[in-house]
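Peer 1: here is a sequence with its predicted model. Questions after.
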Amino acid sequence: MKLKDTKILIPQIPKEWNKRLRSGHTNIWNEHSYNSELPEVRLDPPMRGLYAERFEDGCY
């Protein structure tokens with residue numbers, strides 16, 4: 001199995017969050033969100049080439 005095929009759940013990102021921006025290697029949720037109660041979350045991958053992907057039960 002290749003590293004690209006590995007899925008790791010990101011528990012910090014609830015499945016209800018769907019406003020994601022990719023800036024280079026960084027994934028950003030809720031940047032400039034209309035709902036000021038939602039925190040802005042930025043995640044950098046632990047290894048170049050990995051990225052966050054949304055599935056039915058959350059982000060991996």
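Peer 2: Ah, there it is.

Peer 1: report the secondary structure state of the residue nearest the centre of the chain.
Peer 2: The centre of the chain sits closest to residue 52, judged by CA atoms, centre = their mean, with a distance of 4.5 Å. For residue 52, the assignment made with DSSP: H, G, I helix; E, B strand; the rest coil gives coil.

Peer 1: list the contacts for it?
Peer 2: By CB atoms under 8 Å, 6 or more residues apart in numbering, the contact set of residue 52 is 10, 13, 20, 27, 43, 59, 60. Just so you know, the C-beta spots here come from the backbone N, C-alpha and C atoms, and that holds for glycine as well.

Peer 1: state the number of residues packed around residue 50.
Peer 2: 15 (other CB atoms under 10 Å).

Peer 1: mind checking how far it is from residue 38?
Peer 2: 24 Å (CB to CB, to the nearest Å).

Peer 1: what of residue 28?
Peer 2: Distance of residue 28 to residue 38, given as CB to CB: 12 Å.

Peer 1: and residue 17, by the same measure?
Peer 2: For residue 17 relative to residue 38 (CB to CB), the value is 7 Å.

Peer 1: which one of the two has more residues nearby?
Peer 2: Legend: neighbour count by other CB under 10 Å for residue 17 and residue 38, higher for residue 17 (17 against 14).

Peer 1: assign the more buried one to helix, strand or coil.
Peer 2: Per three-state DSSP, the secondary structure class of residue 17 is coil.

Peer 1: quick one, what contacts it?
Peer 2: Going by CB under 8 Å, 6+ apart, residue 17 touches 29, 30, 38, 59.

Peer 1: just name the closest of those residues to residue 6, please.
Peer 2: Nearest to residue 6 among the contacts of residue 17, counting by CB to CB, is residue 59 at 14.1 Å.

Peer 1: isn't that closest one up against residue 16?
Peer 2: No: counting by CB atoms under 8 Å, residue 59 does not reach residue 16; the two are 10.8 Å apart.
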